[in-house]
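>>> need coordinates for the following:
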Amino acid sequence: MSARNIKRTPFGIEIKMELIRRGMTSRDFAKSIGIAETTLCDVIAGRNNSAATREKIVAGLELKEIPE
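Numbering: from 1, shown residues only. A predicted model of the protein is given here:
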């Protein structure tokens with residue numbers, strides 16, 4: 001089995017780090033802010049750049065800044 005080469009944006013990295021710090025799964029966090037887990041994964045990977053979705057994530061994680 002080969003490892004996938006996962007690309008992440010700085011914003012995606014910040015999301016993943018914060019979820020790890022909080023001991024949350026992507027699925028649980030996505031559900032808590034009312035988005036699909038696949039949408040969250042797309043944002044983390046840089047495939048979805050929706051301002052509305054980013055705002056939900058920032059509010060849900062209580063981030064001060066949004067890394068680009």
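>>> how about the biggest helix by length in the chain: buried residues?
Ordering each helix of the chain by length in residues (DSSP state H) puts helix 10-22 first. For helix 10-22, a neighbour-count test (16 or more other C-beta atoms under 10 Å) marks Phe11, Gly12, Glu14, Ile15, Glu18, Leu19 as buried. (Each C-beta comes from the backbone N, C-alpha and C, glycine too.)
>>> pLDDT averaged over that helix - what is it?
For helix 10-22, mean pLDDT rounds to 94.
>>> can you list the residues that contact it?
Helix 10-22 has contacts (C-beta atoms under 8 Å, 6 or more residues apart in numbering) with 8, 25-26, 29, 40, 43-46, 54, 57, 61, 63, 66-68.
>>> just the local confidence number for the residue nearest to Arg27 when sequence neighbours are not counted, please.
Counting by C-beta to C-beta, 6 or more residues apart in numbering, Arg27 lies nearest to Glu37, which is 4.8 Å off, once chain neighbours are set aside. On pLDDT, Glu37 comes in at 97.
>>> ok, now Ile6?
pLDDT, read off for Ile6, is 67.
>>> how about Glu55?
pLDDT, Glu55: 93.
>>> please tell me how far it sits from Asp42.
Glu55 sits 15 Å away from Asp42, going by C-beta to C-beta, to the nearest Å.
>>> please apply the same query to Lys7.
Distance, Lys7 to Asp42, using C-beta to C-beta: 12 Å.
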